[in-house]
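Undergrad: Predicted coordinates and the sequence they were generated for:
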Amino acid sequence: MTTPALSIRGVRRTFGAKVAVDDVDLTIDAGTFTGLLGPNGAGKSTLIACTVGLDRPDAGTAEVFGRDVWDEPDEARRLMGVLPDNLALPEYLSGRELLGHWGRLHGLDAAEVDSRADSLLRVLELDGSAERTLVLDYSTGMRKKIGIAVALIHRPRLLVLDEPFEAVDPLSAIAIRRILQSFVASGGSVVMSSHSMLLVESLCDVVSILVSGQLVLDEPMAQIRQRGTLEEVFIEAAGQPQDHTHDELSWLA
Ligand SMILES: Nc1ncnc2c1ncn2[C@@H]1O[C@H](COP(=O)(O)OP(=O)(O)OP(=O)(O)O)[C@@H](O)[C@H]1O
């Protein structure tokens, strides 16, 4: 049996009385592209933060290729690239300086960091004046893109991305899709949260759905397709939204 890219066991995270993540078990097989879906507030970002070692769960463990993210943080971090929610970046570095800094923190030599930064900045359309702009002055989409470059620069084996396509323009979205597809084609593993059914349907081969902190579905996309569109399966799992628009917003008419 091969070691999973990510193994989450019994992860629970509460905020006071709120159970944000409720005893979640999830295995991400190596070489797969998994989409993590769920309604707003379902617990996706909290689960990701607990899984990558950015937030301490009340209970449970997470292992990246068999390395526990709390007991062996250096090894686990070497193996994964992370794009967290609300990524805190050093604001007074330019995009290029940030990548250089990050690459060297991972022990890469300067020439290698430069060459990887060159290609990432070019592919993500952050080259030219953008690479010399301070992160402080980046737009929301530019922050997302430099965050993806940061996640990739040390060539991880697993990418854990919280809404990587949120706020990026359509051309950049195409570039990110290509990066992720070629990463998986060359043996990498990706888990990403998203609200886009179309993106997840076209990119992912496994779908996991969280509702109110609980994992309610974890299925190959091929199996989901036999039951309907991803949107239909999502609505079935998350519950049909009530339509009160006519009653509640009659004053808008
Ligand atoms: N630091 C915090 N303090 C208190 N409650 C929190 C905190 N972080 C998250 N929560 C709560 O935990 C629940 C899960 O939030 P989370 O951000 O993980 O959801 P999500 O699925 O990522 O949502 P979205 O799709 O809207 O980004 C929500 O009810 C949220 O209000």
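TA: Yes, it's here.

Undergrad: I'd like to know which elements the longest helix seen in the chain is packed against.
TA: Among the segments of the chain that qualify as a helix by DSSP state H, the longest is helix 170-185. Counting contacts by 3 or more CB pairs under 8 Å, 6 or more residues apart in numbering; DSSP states H and E, helix 170-185 is packed against strand 33-37, helix 110-123, helix 140-152, strand 189-193, helix 197-203. In short, each C-beta sits where N, CA and C put it, glycine included.

Undergrad: Least confident secondary structure element in the protein?
TA: helix 245-248 (a mean of 78; mean pLDDT, DSSP states H and E).

Undergrad: now what about it, what contacts it?
TA: Taking contacts as CB atoms under 8 Å, 6 or more residues apart in numbering, no residue outside helix 245-248 touches it.

Undergrad: what comes up buried for that helix?
TA: When neighbours are counted by 16 or more other CB atoms under 10 Å, no buried residue of helix 245-248 is found.

Undergrad: quick one: what helix or strand has the residue nearest in space to the middle of the chain in it?
TA: Taking CA atoms, centre = their mean, the centroid of the chain lies closest to L161, which sits 1.4 Å from it. Per DSSP states H and E: L161 is located in strand 158-162.

Undergrad: I figured K44 was touching G38, is that so?
TA: Yes - between K44 and G38 there is a contact under CB atoms under 8 Å: 5.1 Å.

Undergrad: before we move on, back to that, what is the mean pLDDT for the longest helix of the chain?
TA: Across helix 170-185, pLDDT averages out at 93.

Undergrad: got the CA coordinates for it in PDB?
TA: The C-alpha coordinates for helix 170-185 follow below in PDB (Å, rounded to 0.1, in the frame of the first residue of the first chain):
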ATOM      1  CA  PRO A 170      -9.700  34.700 -16.600                       C
ATOM      2  CA  LEU A 171      -6.200  34.600 -18.200                       C
ATOM      3  CA  SER A 172      -4.500  34.100 -14.900                       C
ATOM      4  CA  ALA A 173      -7.000  31.300 -14.100                       C
ATOM      5  CA  ILE A 174      -6.000  29.500 -17.300                       C
ATOM      6  CA  ALA A 175      -2.300  29.800 -16.300                       C
ATOM      7  CA  ILE A 176      -3.100  28.400 -12.800                       C
ATOM      8  CA  ARG A 177      -5.100  25.600 -14.300                       C
ATOM      9  CA  ARG A 178      -2.200  24.600 -16.500                       C
ATOM     10  CA  ILE A 179       0.200  24.800 -13.600                       C
ATOM     11  CA  LEU A 180      -1.900  22.500 -11.500                       C
ATOM     12  CA  GLN A 181      -2.700  20.100 -14.300                       C
ATOM     13  CA  SER A 182       0.900  19.700 -15.200                       C
ATOM     14  CA  PHE A 183       1.900  19.400 -11.500                       C
ATOM     15  CA  VAL A 184      -0.600  16.400 -11.100                       C
ATOM     16  CA  ALA A 185       0.500  14.900 -14.500                       C
END
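
Undergrad: I am finished for the moment; much appreciated.
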